[in-house]
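Peer 1: predicted model and sequence follow; I will ask about them next.
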Amino acid sequence: MRRGLSARLRESLAGFRSLLTFLTIIPAGGEFNLAPRHFYWTPLIGLIEGLLSTPPLLISRPIGVALAVALMYIINGFQHMDGFLDFGEVLLTGRRGEEAVRVLKDPHRGAFALALGLIDLVLVYSSVSSMGKVAMVTLPIAESSAAYAMFMTAHLGKPGESGVGKLFVMGSKGGVNLALSTIIYLVSTAAVPLIYHWDLPTLILLVPVSLLTAIVVALLVTRLSNLRLGFVNGDVLGFSFESSKVTLLVIYSIMIYAASLG
């Protein structure tokens, strides 16, 4: 039994390395076939992306925020933004079924996608900038929450007939994977504020808000994907990640502003 547990742990860690390599530009090694089966690690990978993005926030605000935002997208290789633009264009065109799939697979960016990407960048930059040094904490939490929303979208969604996204949707199924991802997410969300010695009431407020937002975004995106495409693929997962991230950053900035008034 002990040997079997040790083997499963080694495989899980190898899956984490594979997923880190696939979802980021970090060359952690591992075999790709392990990544979809261990998709539950994604909240921790989101946390790592967020933590690696925060150092520029220590320098002057305009350039520091710009560098931090740039790092967020560079570290994940713009994968999530790509999906955000592709599926966002599907939603804005109002297409359904096969027509929606054709829009999704069109390699050319339309005006809708470009406008959506610009709005996203403006909201992300403005939110991070308004939070100042507090973004050292909220940015990693937003990234981890966005990654959890992405996992939840895969867990709730219907897989397509083919594509890499199908592997991750299938790999997210099952109660064990859901429980593991939720535990990893909750620990990740609580760890950063504790490291920065945030008070308990703030932590108690932050964790439920982040969890609820991630779940609501995942439910909405899954519903929209089923209506428009009939399935969830990699582009939809990227849309879920980016939508959850920008939503949470806006919410955090509003919460911090409201707290400053009090």
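Peer 2: Alright, I've got the coordinates.

Peer 1: contacts for the helix or strand where residue 112 lies, please.
Peer 2: Using DSSP states H and E, the element containing residue 112 is helix 111-131. For helix 111-131, the external contacting residues (C-beta atoms under 8 Å, 6 or more residues apart in numbering) are 57, 61-62, 65-66, 68-69, 72, 81, 84-86, 88-89, 92-93, 135, 138-139, 242, 245-246, 249-250, 252-253, 256-257. Heads up, the C-betas are built off the backbone N, CA and C, glycines and all.

Peer 1: what residues of the helix or strand just after it count as buried?
Peer 2: Toward the C-terminus, helix 111-131 is succeeded by helix 135-156 as the next helix or strand (DSSP H and E). Across helix 135-156, burial judged by 16 or more other C-beta atoms under 10 Å covers 135-156.

Peer 1: the next helix or strand after helix 135-156 - contacts with which helices or strands?
Peer 2: Of the helices and strands lying after helix 135-156 in sequence (DSSP H and E), the nearest is helix 164-171. Applying 3 or more C-beta pairs under 8 Å, 6 or more residues apart in numbering; DSSP states H and E, we find helix 164-171 packed against helix 135-156, helix 234-261.

Peer 1: residue 87 contacts residue 225, doesn't it?
Peer 2: Yes - counting by C-beta atoms under 8 Å, residue 87 does reach residue 225; the two are 7.3 Å apart.

Peer 1: ok, these two, which is more surrounded?
Peer 2: The neighbour comparison of residue 87 against residue 225 (other C-beta atoms under 10 Å) goes to residue 87, with 31 against 27.

Peer 1: residues contacting the more buried one?
Peer 2: Going by C-beta under 8 Å, 6+ apart, residue 87 touches 104, 225, 235, 236, 238, 239.

Peer 1: hmm, 10 Å instead?
Peer 2: Shown in contact with residue 87 (C-beta atoms under 10 Å, 6 or more residues apart in numbering): 100, 103-104, 113, 116, 221, 224-225, 228-229, 232-240, 242-243.

Peer 1: go on, residue 245?
Peer 2: Residue 245 touches 46, 50, 72, 80, 84, 120, 123-124, 127, 139, 142-147, 149-150, 213-214, 217, counting by C-beta under 10 Å, 6+ apart.

Peer 1: likewise residue 179?
Peer 2: residue 40.

Peer 1: what helix or strand does it sit in?
Peer 2: helix 175-195.

Peer 1: which SSE is immediately downstream of that helix?
Peer 2: Scanning forward in sequence from helix 175-195 by DSSP H and E, the next helix or strand is helix 200-228.

Peer 1: against residue 14, how distant is the nearest residue to residue 37 once chain neighbours are set aside?
Peer 2: Closest residue in space to residue 37, ignoring its immediate chain neighbours: residue 171 at 4.9 Å, by C-beta to C-beta, 6 or more residues apart in numbering. To residue 14, residue 171 is 14 Å away according to C-beta to C-beta, to the nearest Å.

Peer 1: then residue 95?
Peer 2: Note on residue 95: its distance to residue 14, by C-beta to C-beta, is 40 Å.

Peer 1: doesn't residue 108 belong to a strand?
Peer 2: No - under DSSP: H, G, I helix; E, B strand; the rest coil, residue 108 falls outside any strand and is assigned coil.

Peer 1: going forward, count from 804.
Peer 2: That works, and once the first residue is 804, the last one we named lands at residue 911.

Peer 1: what about it, neighbour count?
Peer 2: When neighbours are defined as other C-beta under 10 Å, residue 911 has 6 of them.
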